[in-house]
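Peer 1: here is a sequence with its predicted model. Questions after.
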Amino acid sequence: MPVAERTLTEFLQHSGRVLPEVERGEVVLRRRDGDSLVLISQSHWEALAKSFTAVAEAARDLESRCQCPPAPRTGEFALSWLSLLSEQEQRECLRELSQALVAALADGKFESLVNTLAQWRATALATWDDAQKPTGYWEGAPLDVERP
């Protein structure tokens, strides 16, 4: 089922038409001057929160039983940049994201989750960038060059 989309102005002027759509699923409210907003019913939110929490707990349980969960392959995972990290960093990243997700779902504040995700993505891209530099790049002391 496609997600319903409306403008914020339409919602503010005709909320009676938009609110019944929220009972069937989320409604995206597009704004000209900022991020779009997503309206979701309390029952859908609770189901989503419980599902994410269960997945995070299952991943934590799996990690405690098996020291090396297989690393996700690029293209098969929503965080494709995760493959740029070492296996240890991947586990640490997923652990931190899991903790931030559970905390965000508990208190309804997602800023910490967004920041954690952005920081790990930046780390992964910096790791990739460093791997692309040729050997000896920026290493050693400057060379003395004779004046012409």
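Peer 2: Sure thing, it's come through.
Peer 1: in the chain, which residue is closest to the centre?
Peer 2: Centroid check for the chain by C-alpha atoms, centre = their mean gives residue 117 as the closest residue, at 4.8 Å.
Peer 1: which element is that one on?
Peer 2: Taking DSSP states H and E as the definition, residue 117 sits inside helix 111-132.
Peer 1: show me how far that helix is from its chain's centre.
Peer 2: Relative to the centre of its chain, helix 111-132 is centred 11 Å away, using C-alpha atoms, centre = their mean, to the nearest Å.
Peer 1: who are the packing partners of it?
Peer 2: If contacts are counted by 3 or more C-beta pairs under 8 Å, 6 or more residues apart in numbering; DSSP states H and E, helix 111-132 sits against helix 87-107. Glycine gets a C-beta too; all of them are placed from N, C-alpha and C.
Peer 1: what's the closest non-adjacent residue to residue 11?
Peer 2: Nearest non-adjacent residue to residue 11, counting by C-beta to C-beta, 6 or more residues apart in numbering: residue 18, 4.9 Å away.
Peer 1: and whatever helix or strand that neighbour lives in, what's buried?
Peer 2: Assigned by DSSP H and E, residue 18 belongs to helix 15-24. Buried residues in helix 15-24, defined by neighbour count with 16 or more other C-beta atoms under 10 Å: 18, 21-22.
Peer 1: the nearest residue to residue 105 once chain neighbours are set aside: what secondary structure?
Peer 2: Nearest non-adjacent residue to residue 105, counting by C-beta to C-beta, 6+ apart: residue 49, 4.2 Å away. Secondary structure, DSSP: H, G, I helix; E, B strand; the rest coil: residue 49 is helix.
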